[in-house]
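Asker: Sequence and computational prediction follow.
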Amino acid sequence: MNLFRQVGINQAALASPQHSIFNAVTGAAITTNTAANASLRAPYQGVSVNGFFQDQSAAQSVYHSLQASATQRFSHGVQFLASYTWAKSIDNASGQGGGAGTGGVVNPGGVGETSGILGNQLDNRANRGLSDFDRKHRFVLSGLWQLPQPAKSGAARTLFNGWQISGIATAMSGLPIDIVDTGAASLYGLSGASAALARPNWAPGVTGGSGAPAGYYFNPYAFARPVIAAGQPIPSSQGAAIADGAGTDFGNVGRNILRGPRQVNVDLGIGKNFAVAEHRAVEFRAEFFNLLNHVNLANPISDLNAVAATGGSLNALTGQIVNPGAFGQIISASSNPRLIQLALKYRF
């Protein structure tokens, strides 16, 4: 409770002949809803509709987990630690930066405590879903082996004694995938924001993201821009308002409804201590990060606006995808290839 989040408090209200909106500057009574007059229907005039945020301590989160661990020490200097977590984290604001991102690369944004919400800025539950950092399963196995010391004296002792091998293997579920649409919610003045403030619709007849075509991680055709033709009711208004010009609504796709590729990594370290004197020693270490050179894939591009940006196309009347472009494709990895590090440490 009382977590930080950013709320776009200048979201345009919807008007109707029965419920006019009076512009605070001009005093004009507005009874229509178009993408063009959204700024006139906003409560704060003279500032951006989709970029005027307020930091609030109003976000909520809940976390449930089952955690288990086991430690085993064997003879001959061998020991293992295994831990497993089965968890589910739910919130309506997960913080800023460092997550999976929606552009096909790990989010490079600066990590912070505040985060914007998507969808209806005035609905406290509009962004409720899996946390951006949620990992359903996480298993970690670590071990250490102090190699036997067969040599008792002389050069053989210096060469063969004091070796140890350590390693850690991690396997975990992928991060959630948030399907967003920077072209949605134009009737509320929220489209085109540098940080997407809305999501798309489920395409007609589709209930999930299964059935991905070759080359795509999820089915891009399962999503559509929430286009509303002129004269049609605005679904998010529950029939209380009409679109007086073509525009887009909030989508009905929930937050973080898909799951990205799982992550696996193995690191290994080999070290040896060379005694120099009673209280002095030289330690040599060779460390192998991502020992198996396993490719961990990043989440796919999940911003529907990437359809047009990458050579695809949408049906302007229905919002359905004609050619998805790179929307739904994985274009990068989330971890480095194998790295080897050698080090010497002198202790005194």
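Answerer: Received, thanks.

Asker: what is the mean pLDDT for stretch 70-84?
Answerer: Mean pLDDT, computed over stretch 70-84, is 91.

Asker: what about that stretch, how long is it end to end?
Answerer: Its start and end residues considered, stretch 70-84 measures 9 Å (C-alpha to C-alpha, to the nearest Å).

Asker: Check which residues of whichever strand or helix holds Leu342 are buried.
Answerer: Counting by DSSP states H and E, the element that carries Leu342 is strand 339-347. Buried residues in strand 339-347, defined by neighbour count with 16 or more other C-beta atoms under 10 Å: none. From N, CA and C alone the C-beta is placed, and that goes for glycine too.

Asker: Pairing partners for that strand, with directions?
Answerer: In the sheet containing strand 339-347, the strands it pairs with under DSSP bridges are strand 280-289 (antiparallel).

Asker: Now do the partner strand: distance to the chain's middle.
Answerer: Averaging C-alpha positions (C-alpha atoms, centre = their mean, to the nearest Å) puts strand 280-289 36 Å from its chain's average.

Asker: for the closest residue to Asp91 other than its chain neighbours, what are its contacts?
Answerer: Using C-beta to C-beta, 6 or more residues apart in numbering and skipping the chain neighbours, the partner closest in space to Asp91 is Ser61 (3.5 Å). By C-beta atoms under 8 Å, 6 or more residues apart in numbering, Ser61 lies in contact with 1, 3, 89-92, 131.

Asker: filter these to the buried ones?
Answerer: Members of the contacts of Ser61 that pass the buried threshold by neighbour count (16+ other C-beta under 10 Å) are listed as 3, 89-92, 131.

Asker: Pull out the buried positions in stretch 222-237.
Answerer: Within stretch 222-237, the residues scored as buried using 16+ other C-beta under 10 Å are 222-228, 234-236.

Asker: for stretch 312-322, same thing?
Answerer: Neighbour counts over stretch 312-322 (16+ other C-beta under 10 Å) mark 312, 314, 319-321 as buried.

Asker: for this protein, what helix or strand is lowest in average pLDDT?
Answerer: Within the chain, no helix or strand scores below helix 154-160, which has a mean of 70 by mean pLDDT, DSSP states H and E.

Asker: tell me the angle of the helix or strand that comes right after that helix relative to strand 280-289?
Answerer: Downstream of helix 154-160, the first helix or strand assigned by DSSP H and E is strand 163-172. Using axes from the mean of the first three to the mean of the last three C-alpha atoms, to 10 degrees, the interaxial angle of strand 163-172 with respect to strand 280-289 works out to 30 degrees.

Asker: Just the CA trace of strand 163-172, in PDB.
Answerer: C-alpha atoms of strand 163-172 as PDB (Å, rounded to 0.1, in the frame of the first residue of the first chain):
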ATOM      1  CA  TRP A 163      42.400 -25.200  -5.200                       C
ATOM      2  CA  GLN A 164      38.600 -24.700  -5.100                       C
ATOM      3  CA  ILE A 165      35.800 -24.700  -7.600                       C
ATOM      4  CA  SER A 166      32.500 -22.800  -7.100                       C
ATOM      5  CA  GLY A 167      29.500 -22.400  -9.300                       C
ATOM      6  CA  ILE A 168      26.000 -21.100  -9.500                       C
ATOM      7  CA  ALA A 169      23.200 -22.100 -11.900                       C
ATOM      8  CA  THR A 170      20.000 -20.100 -12.200                       C
ATOM      9  CA  ALA A 171      16.800 -21.000 -14.100                       C
ATOM     10  CA  MET A 172      13.700 -18.800 -13.900                       C
END
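
Asker: which residues make contact with it from outside it?
Answerer: Outside of strand 163-172, the residues within contact range by C-beta under 8 Å, 6+ apart are 77, 135, 137-147, 262-272, 291.

Asker: Give me the buried subset of the residues you listed.
Answerer: 135, 138-145, 147, 263-269, 271-272, 291.

Asker: which stretches of the stretch 1-150 of the chain have low pLDDT?
Answerer: By pLDDT under 70, the low-scoring segments of the stretch 1-150 of the chain are 1, 97-99, 108-115.

Asker: Cys288 contacts Asp267, doesn't it?
Answerer: One thing to correct before we go on: residue 288 is Phe, not Cys. Yes - the pair Phe288 / Asp267 is scored as a contact, 6.6 Å apart, by C-beta atoms under 8 Å.

Asker: Reformat the contacts of Ser61 as a markdown table; add distance to Gln54 and secondary structure.
Answerer: Formatted as a markdown table, the entries for the contacts of Ser61 read as follows, by distance: C-beta to C-beta, whole Å; DSSP: H, G, I helix; E, B strand; the rest coil:
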| residue | distance to Gln54 | secondary structure |
| --- | --- | --- |
| Met1 | 18 | coil |
| Leu3 | 15 | strand |
| Ser89 | 25 | strand |
| Ile90 | 23 | strand |
| Asp91 | 18 | strand |
| Asn92 | 15 | coil |
| Ser131 | 22 | coil |
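
Asker: and which of these is nearest Ile21?
Answerer: Proximity of the contacts of Ser61 to Ile21, judged by C-beta to C-beta, is greatest for Asn92, which lies at 27.1 Å.

Asker: want to throw the buried residues of stretch 222-237 into TSV with distance to Ala277 and pLDDT?
Answerer: TSV is the format used below for these (distance: C-beta to C-beta, whole Å; pLDDT from 0 to 100):
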residue	distance to Ala277	pLDDT
Ala222	69	95
Phe223	68	96
Ala224	74	96
Arg225	73	96
Pro226	74	96
Val227	78	96
Ile228	80	96
Ile234	81	96
Pro235	79	95
Ser236	76	93
